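Enquirer: just coords:
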């Protein structure tokens, strides 16, 4: 089992900043990738930003230049720095992790995905 605990959401005015954090814990040997997804009211969940074990990042076009994802591998934690927030950024932000667990001495492994409980970000005009 993998648990993800998010923090950092809240209410902010347009143009403001917030920083989200997500810490992973549980039974895994490595984390392949971590990321943030957003679900706005009445819309499907969409990828916002993700980072792999090598540090490569990917962003949704709507947040490029405003959001920065980073990762503290030693703490199994991912951060999302959100600047110049807009009302359309409002939504529930979910942390996602793809983890790997070695299951025998031959090196066989099992990949598991986990989701956080979500943290609400509200950007007022």
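Expert: Cool, the structure landed. Every value quoted in this text rests on a predicted model; they were computed, and no experiment measured them.
Enquirer: tell me the mean pLDDT over the strand ranked longest in the chain?
Expert: Assignment by DSSP state E gives strand 91-102 as the longest strand of the chain. On average, the pLDDT along strand 91-102 is 96.
Enquirer: counting contacts, what elements does that strand pack onto?
Expert: strand 2-7, strand 18-26, strand 30-39, strand 77-82, strand 109-115, strand 119-124 (3 or more C-beta pairs under 8 Å, 6 or more residues apart in numbering; DSSP states H and E). Where C-beta positions appear, they are placed from N, C-alpha and C, glycine not excepted.
Enquirer: That one pairs with which strands, parallel or anti?
Expert: Taking DSSP bridges as the criterion, strand 91-102 forms sheet pairs with strand 30-39 (antiparallel), strand 109-115 (antiparallel), strand 119-124 (antiparallel).
Enquirer: closest to residue 95 out of those?
Expert: strand 30-39 (6.1 Å; C-beta to C-beta).
Enquirer: Next, the buried residues of the one helix or strand residue 48 maps to.
Expert: When elements are assigned from DSSP states H and E, residue 48 belongs to strand 46-52. Residues of strand 46-52 classed as buried: 48-51 (neighbour count, 16 or more other C-beta atoms under 10 Å).
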